[in-house]
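Q: let me see the structure of the following:
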Amino acid sequence: VAEGSSALVVRDATVAPAPGRYHSTNADGVFVLDARVGPTVHGSRLVAIGDDGIIVKTRSGVCTRQVGESYTLSGIGLPRPGDVMRVWTPTATSGLPAASATV
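A: I've put the predicted structure just below:
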């Protein structure tokens, strides 16, 4: 698991079951959380993994307050210039963000 990394490179890695087994004991092959860039995976072999071969995800923030067009978010790291922040309404059925802004 790489958390808060940037430009992680995985090279020539193997995640596979031990000889004589049908399934590896790993839940994920490459798990990256909150990466700014990447990962890049070269020449690697991810076989018979219990869940995801490669997973890249971000943390979501929770809106703790809304006043007009201003939102207070918690649970996320500090955004950087150029980051796009999107706010979703849990009850919305469209799947589209309720608001969007570039930092």
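
Q: for the residue lying closest to Trp88 once chain neighbours are set aside, list the residues it contacts.
A: With sequence-adjacent residues excluded and distances taken as Cβ to Cβ, 6 or more residues apart in numbering, Trp88 is closest to Pro97, at 5.4 Å. Just so you know, the C-beta spots here come from the backbone N, C-alpha and C atoms, and that holds for glycine as well. For Pro97, the contacting residues are 86-88, by Cβ atoms under 8 Å, 6 or more residues apart in numbering.

Q: secondary structure for those - can I get that in JSON lines?
A: Shown next, in JSON lines, are those (DSSP: H, G, I helix; E, B strand; the rest coil):
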{"residue": "Arg86", "secondary structure": "strand"}
{"residue": "Val87", "secondary structure": "strand"}
{"residue": "Trp88", "secondary structure": "coil"}
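
Q: buried subset of those residues?
A: Neighbour counting over these (16 or more other Cβ atoms under 10 Å) leaves no buried ones.

Q: out of these, which is nearest to Gly68?
A: Val87 (13.0 Å; Cβ to Cβ).

Q: tell me which element the residue nearest to Trp88 falls in.
A: Applying DSSP states H and E as the criterion places Pro97 outside every helix and strand.

Q: just Gln66 next, same as before
A: With DSSP H and E as the test, Gln66 turns up in strand 62-67.

Q: ok, residues contacting the next helix or strand after that strand?
A: Per DSSP H and E, the first helix or strand lying C-terminal to strand 62-67 is strand 70-74. For strand 70-74, the surrounding residues in contact (Cβ under 8 Å, 6+ apart) are 61-66, 85, 87, 99.

Q: one more pass at 10 Å, please.
A: The contact list for strand 70-74 (Cβ atoms under 10 Å, 6 or more residues apart in numbering) reads 60-66, 79, 85, 87, 98-99, 101.

Q: show me what it pairs with in its sheet, parallel or antiparallel.
A: Within its sheet, and counting by DSSP bridges, strand 70-74 is paired with strand 62-67 (antiparallel).

Q: avg pLDDT for the strand it pairs with?
A: For strand 62-67, mean pLDDT rounds to 81.
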